[in-house]
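>>> I'll drop the sequence and a predicted model, then ask my questions.
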Amino acid sequence: MSANDMVDALGVGDTDEPDARGQPRNSLPRMSESAFSSLLYKMDHPNKGVALIINNTTFHPRLFIRGHIGDSKRSLQEPSADAELMVDLLKTLGFKDVMFYKDQTAADMKSILQKVASMDHTDSDCFVCVILTHGDDGYVCATDDKIPVDELLQPFKGHLCKSLAAKPKLFLIQSSKGFMPEKGERSFESAGEESNEEETVRRIPTEADFLMAYSMIPAWKNISKPSWFIQSIHDVFEQNWQTMDLLTMITRVNKKVAQAFELNANNVYENQNRQIPYITSMLTKDLFFTTK
């Protein structure tokens with residue numbers, strides 16, 4: 001097969017509606033064999049891409065049920081400081097199109113994501129979505145309801161958003177989950193270790209080129225401002241983005257959050273508990289944020 005031969009990038013979709021470029025959505029995205037075989041994502045398009053931030057800080061009282069997402073008697077951390085850090089970082093990385101929305105309903109969030117997915121991303125390197133909110137197992141909170149994580153990603157699957165097919169689609173989710181701490185000494189990587197807990201990150205799209213980084217805080221509240229997860233992403237990326245690939249930086253974020261930061265130095269019990277980020281990568285190549 002020559003370098004000019006074309007290969008199908010992803011599977012057939014389930015709708016004939018046209019995409020942003022007027023092409024049927026169920027037509028197969030195609031790319032050159034040389035691009036398909038490359039070990040590096042192509043990051044020399046005219047634009048870095050669209051970056052979307054959804055920052056939910058106020059919630060309907062019915063969402064906060066004891067034993068589920070939270071306790072209505074507790075005050076909730078407002079992640080506005082996280083949003084400011086992420087806007088700063090995204091601009092540093094070269095994202096000129098940073099879309100910011102605050103306190104969105106479930107319908108609004110789905111509509112925003114669908115609108116962004118319907119854009120023409122042909123001239124973009126990648127797409128970044130940052131969700132700052134509270135959540136539950138497999139869900140994130142809009143202001144009025146919970147949304148399954150897979151519904152957030154669905155519009156960006158390759159057969160529905162072909163202009164992002166074979167391009168990195170990054171989802172960074174800071175989602176506080178209730179208030180029962182997990183012990184810091186517990187290892188999530190020990191071979192053969194069994195757990196009675198369900199896997200938190202489980203609803204994952206089958207297509208490639210997605211990366212999801214979660215700040216998972218099972219049943220306890222992070223009282224820090226900003227969150228250690230977002231602060232670590234900001235610091236690690238800002239220091240290393242010009243020389244280090246994405247997964248290496250994410251790994252350093254994991255280590256920094258898990259080992260270096262503690263929730264409350266004044267509380268001996270909470271001092272043992274650490275926030276463990278969960279990283280699910282379906283990237284197929286190395287990703288470097290190149291300078292435009």
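That came through, no problem. Numbering: from 1, shown residues only.
>>> Show the end-to-end separation of stretch 83-99, please.
End-to-end span of stretch 83-99 (Cα to Cα, to the nearest Å): 11 Å.
>>> Can you name the residues in contact with it?
47-53, 55, 100, 102, 112, 116, 128, 130, 132, 172, 226, 230-231, 233-234, 237-238, 241, 289, 291-292 (Cβ atoms under 8 Å, 6 or more residues apart in numbering). The way it works is simple: take the backbone N, C-alpha and C, and place the C-beta from them, glycine included.
>>> among these, which are in strands?
If you go by DSSP state E, these have 47-53, 55, 100, 102, 128, 130, 132, 172 in strands.
>>> mind putting the residues you listed in JSON lines, distance to I147 included?
Shown next, in JSON lines, are these (distance: Cβ to Cβ, whole Å):
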{"residue": "N47", "distance to I147": "28"}
{"residue": "K48", "distance to I147": "27"}
{"residue": "G49", "distance to I147": "23"}
{"residue": "V50", "distance to I147": "20"}
{"residue": "A51", "distance to I147": "20"}
{"residue": "L52", "distance to I147": "15"}
{"residue": "I53", "distance to I147": "16"}
{"residue": "N55", "distance to I147": "15"}
{"residue": "F100", "distance to I147": "19"}
{"residue": "K102", "distance to I147": "16"}
{"residue": "V128", "distance to I147": "19"}
{"residue": "V130", "distance to I147": "15"}
{"residue": "L132", "distance to I147": "14"}
{"residue": "L172", "distance to I147": "16"}
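>>> about what we covered before: emit the ChimeraX select command for whichever of the contacts of stretch 83-99 are buried.
In ChimeraX, a selection of the buried entries from the contacts of stretch 83-99 looks like this (16 or more other Cβ atoms under 10 Å):
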select :47,48,49,50,51,52,53,55,112,116,128,130,132,172,226,230,231,233,234,237,241,289
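>>> Let me see the ranges of the helices in the stretch 101-250 of the chain.
Under the criterion DSSP state H, counting those that start in this stretch, helices of the stretch 101-250 of the chain are mapped to 106-117, 149-153, 228-240, 246-255.
>>> Distance to D209 and mean pLDDT for those - can I get that in CSV?
Converted to CSV, the helices of the stretch 101-250 of the chain look like this (distance: least, Cβ to Cβ, whole Å; pLDDT from 0 to 100):
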stretch, distance to D209, mean pLDDT
helix 106-117, 14, 98
helix 149-153, 11, 91
helix 228-240, 19, 94
helix 246-255, 12, 94
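>>> Among the ones you listed, which comes closest to A165?
With Cβ to Cβ, the closest approach to A165 among these belongs to helix 106-117: 11.6 Å.
>>> Dump the C-alpha coordinates for that closest one into CSV.
Provided in CSV are the C-alpha atoms of helix 106-117 (Å, rounded to 0.1, in the frame of the first residue of the first chain):
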residue,chain,number,x,y,z
ALA,A,106,-28.6,19.1,31.6
ALA,A,107,-30.4,20.1,28.5
ASP,A,108,-28.1,23.1,28.1
MET,A,109,-25.0,21.0,28.5
LYS,A,110,-26.1,18.5,25.9
SER,A,111,-27.0,21.3,23.5
ILE,A,112,-23.7,23.0,24.0
LEU,A,113,-21.7,19.8,23.3
GLN,A,114,-23.8,19.0,20.3
LYS,A,115,-23.3,22.5,18.9
VAL,A,116,-19.5,22.2,19.3
ALA,A,117,-19.5,18.7,17.8
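>>> between it and strand 47-55, how many degrees?
On the basis of axes from the mean of the first three to the mean of the last three Cα atoms, to 10 degrees, helix 106-117 is oriented at 180 degrees to strand 47-55.
>>> mind listing what's buried in helix 106-117?
Buried residues in helix 106-117, counting neighbours by 16+ other Cβ under 10 Å, are found at 106, 109-110, 112-113, 116-117.
>>> on that earlier part again, okay if I get the helices of the stretch 101-250 of the chain as JSON lines plus distance to L63?
Output for the helices of the stretch 101-250 of the chain, formatted as JSON lines (distance: least, Cβ to Cβ, whole Å):
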{"stretch": "helix 106-117", "distance to L63": "11"}
{"stretch": "helix 149-153", "distance to L63": "16"}
{"stretch": "helix 228-240", "distance to L63": "21"}
{"stretch": "helix 246-255", "distance to L63": "28"}
